[in-house]
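Novice: give me a 3D structure for the following:
(chains A and B)
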Amino acid sequence: MIQFVMPLTFHNKPALVAYVTCGDPDLATTREIVLAAIAAGADVVELGVPFSDPVADGPVIQRASERALQQRTTLGQVLKLASEIREHSQSAGLVVFSYLNPILRMGMEKFCKIARAAGVDGVLVTDLPVEEAGEYLSATQANDLAPIFLAAPTSPDDRLKRIAEASRGFVYAVSRTGVTGVRDRVAGDAEKLVRRLRKLTKLPVAVGFGVSTAEQFAQVGRFADAVVVGSAIVRMVEGNPKREAEAVMEFVKELLRNRA
Amino acid sequence: MAALDELERAYEKAKRDPKFQRRLDELLKTYAGRPTPLFFARRLTQKLGGAKIYLKREDLLHTGAHKINNCLGQGLLVERMGKRRVIAETGAGQHGVATATVCALLGFECVVYMGTEDMRRQELNVFRMRLLGAEVRGVESGSRTLKDAINEAMRDWVTNVRTTHYLLGSVLGAHPYPTMVRDFHRVIGREARAQIMKAEGKLPTAVIACVGGGSNAIGAFYEFIKHKDVKLIGVEAGGRSEALGDHAARFRGGSPGVLQGTYSYVLQDEGGQIALTHSVSAGLDYPSIGPEHAALRDAGRADYVPASDAEALAATTLLARTEGIIPALESAHAVAEVVKRAPKMKKSDVVIVNVSGRGDKDIGILRENLELD
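Specialist: Purely as a prediction, here's the structure:
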């Protein structure tokens, strides 16, 4: 069991961090999907907040966001969903994954307070670089939330150091230059980036972008502490109307079939 | 972030290199056609019966708008950085055309992202870009206009950052773009100031420009900011009505927010989702505004007012028939403001209106909207 500063705990090696876009197709179904993923072995769930302009996302998550926004899904509702999930599961880590604007609109302090009260463990703000994160770091620290940052293969060493030092919970290493999306081969940049990060932090490192099969999961799991799977799960949801939770459960079990 | 740092370093270095400025000046002069004239609009002045109206003719620049000032500047930076692929977003198509033009001039691969709604209403520019050798990729997501094109351009850049430069067309985005793009357009105000001093022996009472992202306006304003007696007026797209979604007047209906790497005034809903916008002019149809404009407005140094679709269309016809100049619909918003303002000013007052582009690209829209006798 890997333990960190914040109560985000990876029970397995490698751990699975599962991302879902909340509100796709609706919040009630998202709740079922998340609980199914946890039951199937996901260690941490990233609750994606839909945004009108998801600049870091590829077509799968773009479509999911559009569907969720058609349902008028809000940040407030995602936080409420988090508390409902927390009632059912005390062991899984919960991370709110959002672009900055919805959080700013709610108010950074208010957001952190509500998130903590809902049982959220960590936050990842896609478009907030560590250089601009002063207020965010104070608010998350004051509310016992782990601020998680993205490290990219193109980040130079000094930036990687800043990212590592500001991070809590885990560091999210993006496996390639690009946006979210499933790929046939998870790029070779990932292992190098993880090696560089290990020199700078004792925090666990999760690798994401592109993973969709048990083979890729195992391959990445050899050098990362956790593997993030996002678009592949969202694609399962999109492709299995009326049986989304079931499909995700099967998919997650399949992903983890090689894990001890 | 690494790409932004690289760009900032390359720009800072170029700024200190006199050879860079000389080469840029040479291209601005022999290729783009600078300096642009400052024209005294005698008949328009008489018709409105107030301040003397001068038109800064950015519409006479090569490609038909001010955009090429920035494209030449960034194009030369791309050369210095050793990249060979350039991408851009475009709203009305003028920035896309200017980018494609500069890529043809300097020998770069060029991909322009454009919302499919904008492609429909600015067909002429789509054709021009393709004729110039650029690939135009239509963007189907969201409102299918400028902000969606920017999303797609940013996705491309993030994926291809090692080989590609994102030639952003306005004073938006993450640093260093707002500063750098503003610097490349400062020549507008610098020229206008020298020209008005020669023509009138004094600084203008007011400078008026339309504001989409804000590049032509900040270029026209910048030189005058330190002269506190010169009023600076930015004109936003008032669209069809004041309802959210019917206009693009950021200072009327927006609030501070973050979109596409910039913190500025943004039209958004209560949940922080970015609002759809509307303007008859594609180039003003954007939910955020350049952060320097936000700073000028908050400091009280510049005022921002809306002009409606109807007012802009009327101003187009007025300028065409009074001075023989067909402005771009974007620029027509600035003309619409001078139509309201000049009559209330003294005859000894002097107003400079920045005509940021020509209206050929808008013939289709003008045909749809105007009933010509």
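
Novice: ok, now which ones touch residue 53?
Specialist: Assuming you mean chain A. A:99, B:142, B:147, B:151, B:259-260, B:274 (Cβ atoms under 8 Å, 6 or more residues apart in numbering or on different chains). Bear in mind the C-beta positions are built from the backbone N, C-alpha and C, glycine included.

Novice: that's the other chain; I wanted chain B
Specialist: Per Cβ under 8 Å, 6+ apart, neighbours of B:Ile53: B:40-41, B:44-45, B:338, B:342, B:351, B:353.

Novice: can you tell me the closest non-neighbouring residue to the closest residue to chain B within chain A?
Specialist: Of all residues in chain A, the one sitting closest to chain B is A:Arg105 (3.1 Å; Cβ to the nearest Cβ). Of all residues not flanking A:Arg105 in the chain, B:Gly272 sits nearest, at 3.1 Å (Cβ to Cβ, 6 or more residues apart in numbering or on different chains).

Novice: cool, B:His62 as well?
Specialist: Per Cβ to Cβ, 6+ apart, closest to B:His62 is B:Ala32, 4.7 Å.

Novice: check B:Ile68 too.
Specialist: B:Ala98 (4.3 Å).

Novice: one step back: so how many other residues sit close to the residue of chain A closest to chain B?
Specialist: 21 (other Cβ atoms under 10 Å in any protein chain shown).

Novice: from memory it sits against B:Glu270, does it?
Specialist: Yes - using Cβ atoms under 8 Å, A:Arg105 is in contact with B:Glu270, at 7.2 Å.

Novice: closest to chain A out of the contacts of B:Ile53?
Specialist: Closest to chain A, out of all of these and judged by Cβ to the nearest Cβ, is B:Val353, at 32.9 Å.

Novice: ok, that closest one - how many residues close by?
Specialist: 31.

Novice: B:Ala100 too?
Specialist: B:Ala100 has 30 nearby residues by other Cβ under 10 Å.

Novice: next up, the contacts around residue 142.
Specialist: Since you didn't name a chain, this refers to chain A. A:109, A:112.

Novice: sorry, I should have been clearer: chain B.
Specialist: A:52-53, B:115, B:148, B:151, B:276.

Novice: at 7 Å what do you get?
Specialist: A:52, B:148 (Cβ atoms under 7 Å, 6 or more residues apart in numbering or on different chains).

Novice: what about it, which SS state?
Specialist: coil (DSSP: H, G, I helix; E, B strand; the rest coil).

Novice: let me know the pLDDT of it.
Specialist: For B:Gly142, the pLDDT comes out at 83.

Novice: swap in the one 10 residues further on?
Specialist: According to the prediction, B:Glu152 has pLDDT 95.

Novice: what number of residues are in the vicinity of it?
Specialist: So B:Glu152, with other Cβ under 10 Å, has 23 neighbours.

Novice: which element is it on?
Specialist: Taking DSSP states H and E as the definition, one finds B:Glu152 inside helix B:146-160.

Novice: just the mean pLDDT for the helix or strand following that helix, thanks.
Specialist: As assigned by DSSP H and E, the chain's next helix or strand after helix B:146-160 is strand B:164-166. In this model, strand B:164-166 has a mean pLDDT of 97.

Novice: mind giving me the packing neighbours of strand B:164-166?
Specialist: strand B:85-90, helix B:146-160 (3 or more Cβ pairs under 7 Å, 6 or more residues apart in numbering or on different chains; DSSP states H and E).

Novice: list the buried ones in the longest one?
Specialist: Across helix B:146-160, burial judged by 16 or more other Cβ atoms under 10 Å in any protein chain shown covers B:146-158, B:160.

Novice: residue contacts, whatever residue of the stretch 101-250 of chain B ends up closest to chain A?
Specialist: When scored by Cβ to the nearest Cβ, the stretch 101-250 of chain B has B:Thr159 as its residue closest to chain A, at 3.9 Å. B:Thr159 makes contacts with A:177-179, as judged by Cβ under 7 Å, 6+ apart.

Novice: can you select the buried ones from those residues in ChimeraX?
Specialist: Here is the ChimeraX selection string for the buried members of those, based on 16+ other Cβ under 10 Å:
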select /A:177,178,179
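
Novice: could the contacts of B:Thr159 go into CSV alongside pLDDT, secondary structure and distance to A:Asp121?
Specialist: Converted to CSV, those look like this (pLDDT from 0 to 100; DSSP: H, G, I helix; E, B strand; the rest coil; distance: Cβ to Cβ, whole Å):
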residue, pLDDT, secondary structure, distance to A:Asp121
A:Thr177, 77, coil, 28
A:Gly178, 80, coil, 27
A:Val179, 82, coil, 25
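
Novice: which element is the residue of chain B at minimum distance from chain A on?
Specialist: Going by Cβ to the nearest Cβ, chain A is nearest to B:Gly272 of chain B, at 3.1 Å. Element membership for B:Gly272 (DSSP H and E) is empty, with no helix or strand holding it.

Novice: that one against A:Ser98, yeah?
Specialist: No - applying Cβ atoms under 7 Å as the test, B:Gly272 and A:Ser98 come out as separate, 9.2 Å apart.

Novice: need the residues touching each of these two.
Specialist: With Cβ under 7 Å, 6+ apart as the test, B:Gly272 and A:Ser98 both reach A:Leu75.

Novice: write out the residues of the stretch 201-350 of chain B neighbouring chain A.
Specialist: Counting by Cβ under 7 Å from any Cβ of the partner chain, the residues of the stretch 201-350 of chain B close to chain A are B:257-261, B:268, B:271-274.

Novice: related to what we said a few turns ago, of the contacts of B:Ile53, which belong to helices?
Specialist: B:44-45, B:338 (DSSP state H).

Novice: most neighbours among those residues, please name it.
Specialist: B:Val338 (27 neighbours).

Novice: and for that residue, nearest residue in space, chain neighbours not counted?
Specialist: Nearest residue to B:Val338 in three dimensions, chain neighbours excluded: B:Val353, at 5.0 Å (Cβ to Cβ, 6+ apart).

Novice: same check, this time on B:Thr164
Specialist: B:Arg85 (4.4 Å).

Novice: in the chain, which spans are strands?
Specialist: All of this refers to chain A. A:15-21, A:44-48, A:93-98, A:122-125, A:146-148, A:150-151, A:171-174, A:205-208, A:226-229 (DSSP state E).

Novice: try again with chain B
Specialist: Going by DSSP E, chain B shows strands at B:38-40, B:52-57, B:85-90, B:109-115, B:135-139, B:164-166, B:206-210, B:231-239, B:255-259, B:262-266, B:302-308, B:350-355.

Novice: looking at these, which is buried most?
Specialist: strand B:206-210 (a mean of 29; mean count of other Cβ atoms under 10 Å in any protein chain shown).

Novice: who are the packing partners of that strand?
Specialist: Using 3+ Cβ pairs under 7 Å, 6+ apart: strand B:206-210 touches helix B:215-221, strand B:231-239, helix B:329-341, strand B:350-355.

Novice: which residues touch the first one?
Specialist: Pointing back at helix B:215-221 there. Contacts for helix B:215-221 (Cβ under 7 Å, 6+ apart): B:56, B:58, B:66, B:70, B:170-171, B:181-182, B:185-186, B:188-189, B:192, B:207, B:209-211, B:232, B:234, B:290, B:292-293, B:302, B:354, B:356.

Novice: ditto for the third one
Specialist: With Cβ under 7 Å, 6+ apart as the contact definition, helix B:329-341 has outside contacts at B:48, B:53, B:59, B:92, B:208-210, B:212, B:233, B:235, B:237, B:280-281, B:283-284, B:305, B:307, B:311-312, B:315-316, B:318-319, B:327, B:351, B:353-357, B:359, B:362, B:365.

Novice: related to what we said a few turns ago, tell me which two in the residues of the stretch 201-350 of chain B next to chain A are the farthest apart.
Specialist: Across those, no pair lies farther apart than B:Gly261 and B:Gly271, at 20.4 Å, counting by Cβ to Cβ.

Novice: hmm, stretch A:143-158 touching chain B?
Specialist: Yes - Stretch A:143-158 reaches chain B (Cβ under 7 Å from any Cβ) through A:154-156.

Novice: where does pLDDT dip in chain B?
Specialist: B:373 (pLDDT under 70).

Novice: right, I'll leave it there.
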